[in-house]
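S.K.: What would the 3D arrangement of this be:
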Amino acid sequence: MSTPFDVTITALVQTTSGEGVLTGTVSFFENGVAVSNYQSLSLVPNAARCTMSLPGAGSMTVTATYANDGNFTGASDSSVQVVNQGTTSLTLSPSSPVNVGSKVTEHSGVISGVS
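M.R.: Here you go, the predicted structure:
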């Protein structure tokens, strides 16, 4: 079972000339689907942020789209976010020899997670 965790994605919007004030908005998409509560965000300043919950190991494509504001054209950029599987460990006990007739209690387990 994987454990979800949050990641914050920042979209930085700049003019190609470095001059002018951007007044458009940014919307975020996960694998092509609009991310709820992260549509038409105002830039503060020149950036918009989206916090989304990653379900566990795997990958997803995050896209941010800047809507034009009448003075500057729109723009879009995508990034693939990859979450690798965590490592696991297994230990059996006792690890040393025991005598015949001795009571032995064995414990084993696997711990897994997302890194």
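S.K.: Direction included, what does the one helix or strand Q81 maps to pair up with?
M.R.: Q81 belongs to strand 75-83 when assigned by DSSP states H and E. The strands beside strand 75-83 in its sheet (DSSP bridges) come out as strand 58-66 (antiparallel).
S.K.: list the buried ones in the strand it pairs with?
M.R.: Using 16 or more other C-beta atoms under 10 Å as the test for burial, strand 58-66 gives 62-66. Heads up, the C-betas are built off the backbone N, CA and C, glycines and all.
S.K.: where's the dip in pLDDT among those?
M.R.: Lowest model confidence among the buried residues of strand 58-66 falls on V62, which carries 91.
S.K.: what residues are up against that residue?
M.R.: Shown in contact with V62 (C-beta atoms under 8 Å, 6 or more residues apart in numbering): 9, 28-30, 50, 52, 78-81.
S.K.: one more time with 10 Å, if that's ok
M.R.: Shown in contact with V62 (C-beta atoms under 10 Å, 6 or more residues apart in numbering): 7, 9, 11, 28-31, 35, 50, 52, 77-81.
S.K.: F72: neighbour count?
M.R.: Neighbours of F72 under the rule other C-beta atoms under 10 Å: 18.
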